[in-house]
Structures are given as structure tokens and as C-alpha cells.
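J.: predicted model, plus sequence, below.
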Amino acid sequence: MPRALFAWPVLLIIAVAGWFVWYATTATGPGPYPVELHVERGTALKDVAAQLQRHGIIEHPFAFSVLGRLTGKAGQIKAGGYLFEASASPWELLRKLTQGETLLGRITIIEGWTFRQMREALDRHPGLRNDTKGMSDQELLAALGIDAAHPEGLFFPDTYYFDQGSSDRAVLLRAHHHMQQLLHEAWRDRPPGLPYKSPYEILIMASIIEKETGAPEERSLIAAVFLNRLRLGMRLQTDPTVIYGMGERFDGNLRKADLLTDTPYNTYTRAGLPPTPIALPGAASIRAAINPEASRALYFVSKGDGRHQFSDTLDEHNRAVARYQRNRP
């Protein structure tokens, strides 16, 4: 066989290899950057390549798939959200996808939200996989391995970052572990003389403090009022607990009849702390619960500007109510 016939296959292989090296290391075109791309768990490389082509990131999806197979990276694609801000070579794209350089999502859980509001926010978030959607609260606690009868207050309100496509269970577990850590520290560092029997009671008190004031500097004084009442055997008489106990019956207006209707959370009809927290308290409210201000105050009334007037006696309180609530001098 003539020597020239042997040369053609060799030259063809060299040409293909040369093109492939050029392809793998040459940046793609300008494209419509930036581009966000979401890769579901278990997506095959060829399907990822098709996504990249649809978004204008690569031109040759088959070559991209071959590159992945030749380099042994075809089965190493990481799920998540990716942000492509500028053109990159197929090799750089493959490295990004296999090293999991994902675009982080985030969700902010607001201090004072109820657990129901937290679940609604998780369910609505487009970057999370809703593995707990449709579960009852008890089923959710069991799925998370949390030994508790009620979920309220057990999850710390904060901003949580996650890989796009992560399970909402992962966010819930992080929020729970964070809250448990803070409660452990609060119980360990509490001063003597506080009327708490467990870390859970600190959590309940912190949730009431969280709902009672929007003024950060008042938290420790709010705590003092409620702790003073507990020590004296007085009822806490705090509206947010009544509202929580009403559940969906609350229409935005709290009436005298509501204050007289007994529920486990009505602190006008029942003494002591309610049976569970009434919201997700933040760190400042937890600190206030174990560091109350030195005060003999037993009452407070809203001034209408987000702050309160505090009083030591009922006579002082009645005068404050007349001034701030009834608009009388």
C-alpha cells in the first residue's frame, strides 16, 4: 500500500485533535451575558450541553459532551445555579460545572415571623427544592429529626445562603441548629434569680419580647416588666399571645371579647408563660430575656410611635393610658 494512504488517517487524527484542542481552549463568543443557568440533580452532560447551547454559551454541544467524556468528567456535573458573566472556553465551563462553582441563592427569615410565615417563604422561593411542602408541622419535625411537639420558635430568623436547587430541609436544619446553639449559650450564661425552668422558657419569653416592641432599646425593659409580673404571680396580659392563640380568626382588630375568650395562649385569662413561643425571636430578644433591665416597672402602654411608656404602679399606668390611648391630658 502506498505510503500516502497511511498518511491520510494520521493527518486526519492530527487535524481532529488539533481542532479539539483549539475548541476546548478557545473562549466562546460575546453572547448575551450575564446568563443564569440552573442544573437539576442527576442531569446528564448532554442535557447540560443542550442548555448551554440554548442560552448561547456554547455552539457545539456534541463536542462539549465529548470533551466531558474524554476528560472523565461527564459524570461529575454538580447540581445548582450557575452564573456565567463573560465568555469562557469549554474547558473552563466544564471545570466550573464539575467543581460546583454555583450561584448562591439566599432567603431572609424575618425576626418576629411565625413559623407558618417562614414555611410560606420557603415554599415560594424559586431557588429551593420544596421537599417539605404539604407536610404537616408534626411530619416536618419528624423529617428533620427534631424531638418537639410544636415548631414555633425553634428556627432562628436570619439570612441563609444556599446552592440553587438545595432542599428547604437544609435551610430549616441550619436555622434550627443556630437557634439551639443560641439557647444553649443563653441558658449557660443566664444570671441567677431568673424564673426560667428551661431554655425553652427563655425562648417563649424572647418570642413575646420580639412581638411587643419594634424599638431595640426597649427590649430589656419589656423583659423586666414580664419577669417582674412572673415573680409576683401576675398575669402577663400581653396582646400578641392572645392574637397568636386566635390563629386565623384574628382579622386585624383585637376586641375586648377576644381578651376574655380563653385559649391556651390567652395571658389575660391564664397565668404564667404560654405553652409555646408565639414567633421566631432574634438574638437581641433572646439576650434581653436573660438580661432584663433593673426596673420595678409592671406596666407599659404604646405611645403610638413604636415606643412605650413604662410605669411602676397601676395609677401611673392608668394616667399613661389616658394620655397616650385616650388622648386625654
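T.: All right, it came through fine.
J.: which residue is nearest the centroid of this protein?
T.: Compute the mean C-alpha point of the chain, and by CA atoms, centre = their mean the closest residue is Ile109, 4.2 Å away.
J.: ok so Gly81 is a helix residue?
T.: No. Secondary structure of Gly81, determined by DSSP: H, G, I helix; E, B strand; the rest coil: strand, with no helix assignment.
J.: ok, what's across the strand from it?
T.: Each beta-bridge partner of Gly81 is listed here: His38, as defined by DSSP bridges.
J.: was I right about it contacting Gln164?
T.: Yes. Counting by CB atoms under 8 Å, Gly81 touches Gln164, with 2.6 Å between them. Yep, even glycine has a C-beta here, placed from its N, CA and C like the rest.
J.: so what sits against both of those two?
T.: The overlap between the contact sets of Gly81 and Gln164 (CB atoms under 8 Å, 6 or more residues apart in numbering) consists of 38, 102-105, 127.
J.: show the buried residues in these.
T.: For these, a neighbour count by 16 or more other CB atoms under 10 Å gives the buried set as 38, 102-103, 105, 127.
J.: quick one: the helices in the stretch 101-250 of the chain?
T.: Along the stretch 101-250 of the chain, the segments classed as helices by DSSP state H, counting those that start in this stretch run 115-124, 137-144, 168-189, 199-212, 219-232, 239-246.
J.: I'd like those helices as TSV, with mean neighbour count and mean pLDDT appended.
T.: Conversion of these to TSV gives the following (neighbours: other CB atoms under 10 Å; pLDDT from 0 to 100):
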stretch	mean neighbour count	mean pLDDT
helix 115-124	17	96
helix 137-144	15	96
helix 168-189	17	95
helix 199-212	25	97
helix 219-232	20	97
helix 239-246	21	95
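J.: contacts for stretch 112-130?
T.: Everything outside stretch 112-130 that qualifies as a contact, by CB under 8 Å, 6+ apart, is 81, 105, 107, 109-110, 132-133, 137, 140, 151-155, 157, 162, 164-168, 171-172, 175, 210-211, 244, 278-282.
J.: so how far is Val225 from Glu316?
T.: Distance, Glu316 to Val225, by CB to CB, to the nearest Å: 13 Å.
J.: between those two, what contacts are shared?
T.: Counting by CB under 8 Å, 6+ apart, the common neighbours of Glu316 and Val225 are Tyr299.
J.: near Leu93, how many other residues are there?
T.: Applying other CB atoms under 10 Å, we find 24 residues neighbouring Leu93.
J.: helix or strand for it, which one?
T.: Leu93 is located in helix 90-98, with elements delineated by DSSP states H and E.
J.: wait, what's in contact with the closest residue to Gly282 other than its chain neighbours?
T.: Closest residue in space to Gly282, ignoring its immediate chain neighbours: Glu111 at 3.7 Å, by CB to CB, 6 or more residues apart in numbering. Counting by CB under 8 Å, 6+ apart, Glu111 makes contact with 157, 210, 280-282, 285.
J.: those residues in strands, which ones?
T.: Among the contacts of Glu111, no member falls in strands (DSSP state E).
J.: contact partners for Thr102?
T.: Residues in contact with Thr102 (CB under 8 Å, 6+ apart) are 78, 80-82, 163-164.
J.: quick one: the residues you listed as JSON lines, columns for neighbour count and pLDDT too.
T.: Shown next, in JSON lines, are those (neighbours: other CB under 10 Å; pLDDT from 0 to 100):
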{"residue": "Lys78", "neighbour count": "16", "pLDDT": "85"}
{"residue": "Gly80", "neighbour count": "23", "pLDDT": "76"}
{"residue": "Gly81", "neighbour count": "19", "pLDDT": "76"}
{"residue": "Tyr82", "neighbour count": "23", "pLDDT": "80"}
{"residue": "Asp163", "neighbour count": "18", "pLDDT": "77"}
{"residue": "Gln164", "neighbour count": "21", "pLDDT": "73"}
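J.: tell me the one among the residues you listed nearest to Gln51.
T.: Tyr82 (9.9 Å; CB to CB).
J.: right, and that closest one touches Lys96 too?
T.: Yes. Tyr82 is in contact with Lys96 according to CB under 8 Å; the separation is 6.6 Å.
J.: distance between the ends of stretch 104-114?
T.: In terms of CA to CA, to the nearest Å, the two terminal residues of stretch 104-114 are separated by 25 Å.
J.: mind checking how far it is from the chain centre?
T.: On the basis of CA atoms, centre = their mean, to the nearest Å, stretch 104-114 sits 4 Å off its chain's mean C-alpha point.
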